[in-house]
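A.B. asks: sequence plus predicted model, see below.
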Amino acid sequence: MDRDEAARVLGVAGDAPPEDVRAAYRRLIRRHHPDTAGPGDAPTATTDASLVIEAWGVLRAAPGGPAEPSPAPAGPGAEPVAEGPAATAAASVWVEGDTVLLPFAREEAFLLLLDCASDLGEVTYLDPDLGLVESVVTFVGTGACSLVVSFQGRADHIDAFCTVEALDGGPAPRADAVADLLARTARARLAVSRPG
């Protein structure tokens, strides 16, 4: 696939800024990911998701393509930074919108986020093969919510997409805020489970 075809697949101009390319990729991968397809749509979704992933790879690798996300710098009010292996592992977990990015193997990322989902609420469903974890969580100011975390493997990290839905039909917290909470929980667990 060349750059023009990749831009067409993602629905962006060939000279689109990196932010637009990333936004188009994230929107399309959520729409076409096999984890979100209905039972009869899984084969088509897999093909569509493969095209979206390939297009993202082409545009990301091209000169001027979007760079990989980097951890946000510590700022005022940031948590103290530890040193050693625990700090390295904890600092390597970051958030981009409603997605937690983990630079671990799929199995390690899955187990870490399973523990985090359990810390936040009651795990009600998990499927390691599909990379899905669901937990029922009660957030301040809302009723019980379903938190679904689905995994997408990358070359050097795992994307864990967070979806939140209120079980009583009321308002749910924003998915990006929940992703941030999940990442903080992961960092805390890593700091404890990987002593320096």
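C.D. replies: Looks like it arrived, so ask away.

A.B. asks: show me the chain divided up by domain.
C.D. replies: Per automatic domain parsing, the structural domains of the chain span 3-61, 85-193.

A.B. asks: using TSV, lay out those together with mean pLDDT and mean neighbour count.
C.D. replies: Placement of C-beta: from N, CA and C, glycine included. What follows is the domains of the chain, written out as TSV (pLDDT from 0 to 100; neighbours: other C-beta atoms under 10 Å):
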stretch	mean pLDDT	mean neighbour count
domain 3-61	75	16
domain 85-193	85	17
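
A.B. asks: which residues are in contact with the helix or strand encompassing residue 152?
C.D. replies: Following DSSP states H and E, one finds residue 152 within strand 144-153. Strand 144-153 is contacted by residues 29, 33, 35-36, 100, 106, 109-110, 113, 117, 120-121, 124, 130-139, 158-168, 172-173, 178, 182 when judged by C-beta atoms under 8 Å, 6 or more residues apart in numbering.

A.B. asks: packing partners of the following helix or strand past it?
C.D. replies: Counting by DSSP H and E, the next helix or strand C-terminal to strand 144-153 is strand 158-166. Taking 3 or more C-beta pairs under 8 Å, 6 or more residues apart in numbering; DSSP states H and E as contact, the helices and strands that strand 158-166 lies on are strand 99-102, helix 106-120, strand 144-153, helix 175-193.
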